[in-house]
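Novice: need coordinates for the following:
(2 chains)
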Amino acid sequence: MAQKYDAIIIGGGHNGLVTAACLGKAGHSVLVLEQRQILGGAAATEETFPGFKMNTGAHNAGLFRSEIIAELNLRNHGLDFVESPVTAFAPQPDGRFLTMWRDPQKIRAEIGRFSEADAEKFPDFVRLVTAITGVLDDVVTSTPPKLTNNSTAELFPWLQVGLNLKRLGKHDMMEFMRVLPMTVVEFMDEWFESEVVQGVLGAAGVTGSLQGPQASGTAFVMLYHYLGAAAGSFKASRFVRGGIGQLSAALADAARGYGVEIRTGAEVAQIIVDDNQAAGVMLADGEQISARAVVSNADPRRTLFGLVGAPRLEPRLMRRVRNIRFKGTTAKINLALSNLPRFTCLEKSKIQNPKSKIYLGGHIIINPNLEYLERAYDDAKYGDFSERPYLDAVIPSVLDSSLAPDGQHVMSITMQYAPYHLRNGTWDEQREALGDKVIDTLAEYAPNLKDIILHRQVITPLDWERDYGLTEGGIFHGQMGLDQLLFMRPIAGYGQYRTPIDDLYLCGAGTHPGGGVTGAPGYNAAREVLKDLKR
Amino acid sequence: MSQKYDAIIIGGGHNGLINAAYLARAGKKVLVLERRYLLGGATVTEEIYPGFKYSVFSYVVSILRPEIIRDLSLPKHGLTILPLESTLTPLPNGDYLYRDGDHFRTLRDIARHSPRDAGAYDDYSREMFFMAKAVKYMLGIIPSDPTSLNPKDLMGLAGLGKHLRSLGEEKLYTLTKLMTMSAADFLEQWFESDPLKATLSASGIIGTYLGPRSPGTAYVLLHHYMGEIDGAFRAWGFQKGGTGAIVDAIAGAAREFGVEIRTDAGVTEVIVKNGRATGVVMENGDEIQADIVVSSLDPKRTFLDLVDQKYVPDDLLTAIRNFKIRGSSAKINMALDAAPDVACMPGYGPHLRGAISISPSLDYIERAYDDAKYGDFSRRPYIDMIIPSMIDPDMAPPGKHVMSCFVQYAPYKLREGTWDEKREALGDAVVNTLSEYIPNLKDIILHRQVVTPLDTERLTGLTEGNIFQGELSLSQLFFLRPVPGYAKYRTPIKNYYQCGSGTHPGGGITGAPGRLAALEILKDRS
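Specialist: Numbers count the residues shown, from 1 in each chain, chains lettered A, B, ... in the order given. Modelled structure (predicted):
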């Protein structure tokens, strides 16, 4: 076997790179193996059409943890963010539109156009959301406790969480416990009467899951997306200058600075396990590399079934891994545009380019109300993609002209629901029909869209699985349902980034706290691996 | 103003009566006031059609707490629960799934649909048995307030923690899953055949406004596993004489302890003086005084109707207004000229003494829910049907039968029209659905009573006709039931208590809220 490293990281997604950099920084010899030619996994920027830099997977870096940026000095490695003054722009079927500004005062006025009562409640709503996310903030960077037999040291970070919770006072503390398991519909109904406001604020609750807004736990997923959001703005939202791939590039650069070795085009075929202990990896070309610790950025099922092999697990754990719910449900449509889409509602309000440009710098949300979203889910529940889909589109080139040729643009549209398991046909047959559905839907609001498309890329759940290695196309490496969080993530009993195989760790979104470009799983995993490497 | 009582209980449902019995047993002078002409609330038997006794609302029993049965000597007062022997799930293709007391026969029938499921069935049953046992502990305790530093709460939490730890890691994980998953997801971990998954999942949706794929329904499933008859878990039974006879037994026990019970005695208001409840005002204007007033009504009525809202703090008012209490079920009771003939199992047989469940697949139930989500009743509803007269011949004249059909979904709030307009259309939908499986049904119906959620509300006073006095969702359980800060049967008004299903541990004929409330009241008085 070739050279021995302290740690091998399988997968150069953003979480894998965070783990690598943190381990490298602590003085360990680290090797990152990425199967694709580019780094970043589902947080990559690719030139899928000449001259256009596309965020093929994730595009929003609003959730990325500031402590990682500071600790790895990422700003010195080329990381820079751009923020739109508009976080969300939601055109409505009736020709109205709701704009969420970064400035809370402006949001309040904007909501008032739909409901004065809602506008009045908005500051209180923001206060509650801030209180809850304030507590969650410490939760996401702490290793989940075990249910039994915790050492004091393991519980220590949770003392802080408990204290923060206590500090909220009785009322907010109860609200914290009451709201998180709620449905987004109930949560929104308690606060707002305008269905437009409900639709825009609540939509984040279904991100990445095959669940409608009437599913309990969607309030949690919604609040998760508000972590680190500016007070009152529509979820946490900011883009990386040069595309989200620049975040991965900065991470890789920082890692290399700490001596981490990174190889692309290096597909791991197998994790070498000797007597229930990970000893290294074998690449697809047969090369074997040994290491003291193997850390997988791949999702838990792919890691334990695909790379280790199900027979190596005892049946009880095998069942648990098999039962992880992935149920991919998200599709992505990336477009190269010759011009900006012109939204009818803006034109009618006499807001034209260049003034209209400001509205298109954030998220463009097509979700007129929560019932629309629930109906979109109904289709998927029985194995069809949504007839009337929920769309979350961004045009990052509005703020960052380096992404497309002069005057031209890149647009990324996240679509729900596109279930991995189709009732009729395969995704290879349905891919373009899905693309058409999304374009048709958006064109109802921006009729010139079809004329300005230079190139279109449709990524279905099957493509996520094939090209990005995401099991069942689950973008979160496992749904963020209440039963798959904290000490239950990725599987019950293994919430501490360790696995049933000694010296094999997980550091991807399938571990606590979950999906999105947060870096938190990678950051937490590094802490645990370091503890063990010290021994 | 005449006599003065130690306690007045508003509402003569099973929880109100159990509460009264426990208070009287401790020596209190207790008066129960029931608005209707008969006791029972949603636990009543009425002869709606001459000669035929309908269990109008609640129709089966299993989760009545054994300590209550013992403490109140209910068998002595007429509690006789006859077992429901089987569950038959007829399928659209003429096949069926039949589970009964013969364990190996049941396994063989499950195996016809899926050998794998037959293999998993015993493990599943054992797991649910242990889980129900684990959770039952919580049915018997007062929910501690986790935000409080009060020693009692800390002790309570420590006790709960100790109990949970004693379950061991594996069981705790399963419990976590049951608390958070959907019934469908949970069952899909075990089984693959649709009739089995669907029929089992139905226990997860009863009384909720959720589908089997909605997270949280696995807990409701577990809630229905906590039944216990003579020590046998998951046994459902039928009270001889109808569910009303259960209440008669409880009332009998209460009277023996000296409780005074008045029917046709509606209460309009709780009298509050200097922040304390001092008595009640009756519909006829009479006032009756008492040291304590206990409401067995649902939280909305307890806090919004019975007391002047100036006595209720703002945050509690908001919380009560936000309390989810959506009605979702209906009941169809029928008088039949002959025994129904089930196409998949023709003729007279033991299957008629059990439940017949119209739940052929998960998608079937989920689609029934889809209709209701948008404010229609299910065109093809989930129906749980029993024929009480097969179990207890006294329920109907010789040779004739009564049939109880529990129906979901029938949302209280209809998108179009009113329930007064839609009542018979719902009845038709149910009869039509049943007729697909019971071809002779339409020819033998002598009388049909359709109880919509609106009717349940009008007759029993249950807001929105919600049979659990508030949904059993995670944000409305334990220390959050009915609302945070008021989960221990008390209210912001001194000497005014709550004891209905809207309090911990929730709905069904358990009696637990009534009993636990009485224990708390007695603690305050000692």
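Novice: domains in chain B, by residue range?
Specialist: Residue ranges for the domains of chain B, per automatic domain parsing: B:4-43+B:64-80+B:240-323+B:465-525, B:117-226, B:329-409+B:411-451.
Novice: now render those as JSON lines, adding distance to A:Pro389 and mean pLDDT.
Specialist: Backbone N, C-alpha and C define where each C-beta goes, glycine included. Below are the domains of chain B laid out as JSON lines (distance: least, CB to CB, whole Å; pLDDT from 0 to 100):
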{"stretch": "domain B:4-43+B:64-80+B:240-323+B:465-525", "distance to A:Pro389": "28", "mean pLDDT": "96"}
{"stretch": "domain B:117-226", "distance to A:Pro389": "19", "mean pLDDT": "90"}
{"stretch": "domain B:329-409+B:411-451", "distance to A:Pro389": "18", "mean pLDDT": "97"}
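Novice: let's have those in CSV, adding mean neighbour count.
Specialist: Output for the domains of chain B, formatted as CSV (neighbours: other CB atoms under 10 Å in any protein chain shown):
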stretch, mean neighbour count
domain B:4-43+B:64-80+B:240-323+B:465-525, 22
domain B:117-226, 20
domain B:329-409+B:411-451, 20
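Novice: got the residues of the stretch 1-150 of chain B near chain A?
Specialist: Contact residues, the stretch 1-150 of chain B versus chain A (CB under 8 Å from any CB of the partner chain): B:Pro146, B:Thr147, B:Ser148.
Novice: now the residue of the stretch 301-450 of chain B found nearest chain A: closest residue in space, sequence neighbours ignored.
Specialist: Nearest residue of the stretch 301-450 of chain B to chain A (CB to the nearest CB) works out as B:Asn322 at 4.9 Å. Among residues not flanking B:Asn322 along the chain, A:Glu190 sits closest, at 4.9 Å (CB to CB, 6 or more residues apart in numbering or on different chains).
Novice: what about that neighbour, how many neighbours?
Specialist: 17 (other CB atoms under 10 Å in any protein chain shown).
Novice: give me the distance from the strand or helix carrying A:Leu23 to the chain's centre.
Specialist: Secondary structure from DSSP states H and E places A:Leu23 in helix A:14-25. Distance, stretch centre to chain centre, for helix A:14-25: 18 Å (CA atoms, centre = their mean, to the nearest Å).
Novice: can you give me the mean pLDDT across it?
Specialist: Mean pLDDT, helix A:14-25: 98.
Novice: elements contacting the helix or strand just after it?
Specialist: Downstream of helix A:14-25, the first helix or strand assigned by DSSP H and E is strand A:30-33. Secondary-structure packing of strand A:30-33 (3 or more CB pairs under 8 Å, 6 or more residues apart in numbering or on different chains; DSSP states H and E): strand A:2-10, helix A:14-25, helix A:245-257, strand A:261-263.
Novice: now do 10 Å
Specialist: Secondary-structure packing of strand A:30-33 (3 or more CB pairs under 10 Å, 6 or more residues apart in numbering or on different chains; DSSP states H and E): strand A:2-10, helix A:14-25, helix A:245-257, strand A:261-263, strand A:277-283, strand A:288-296.
Novice: sheet partners, orientation included, of it?
Specialist: strand A:2-10 (parallel), strand A:261-263 (parallel) (DSSP bridges).
Novice: which parts of the last one are buried?
Specialist: If you call a residue buried by 16 or more other CB atoms under 10 Å in any protein chain shown, then strand A:261-263 has these buried ones: A:Glu261, A:Ile262.
Novice: average pLDDT for it?
Specialist: Strand A:261-263 comes out at a mean pLDDT of 98.
Novice: list the contacts of that strand.
Specialist: A:3, A:5, A:8-9, A:12, A:16-17, A:20, A:24, A:29-34, A:39, A:251-253, A:255-256, A:283, A:289 (CB atoms under 10 Å, 6 or more residues apart in numbering or on different chains).
Novice: interface residues of the stretch 51-200 of chain A facing chain B?
Specialist: Contact residues, the stretch 51-200 of chain A versus chain B (CB under 10 Å from any CB of the partner chain): A:146-149, A:165-166, A:168-183, A:185-187, A:189-191.
Novice: appreciated, that's everything.
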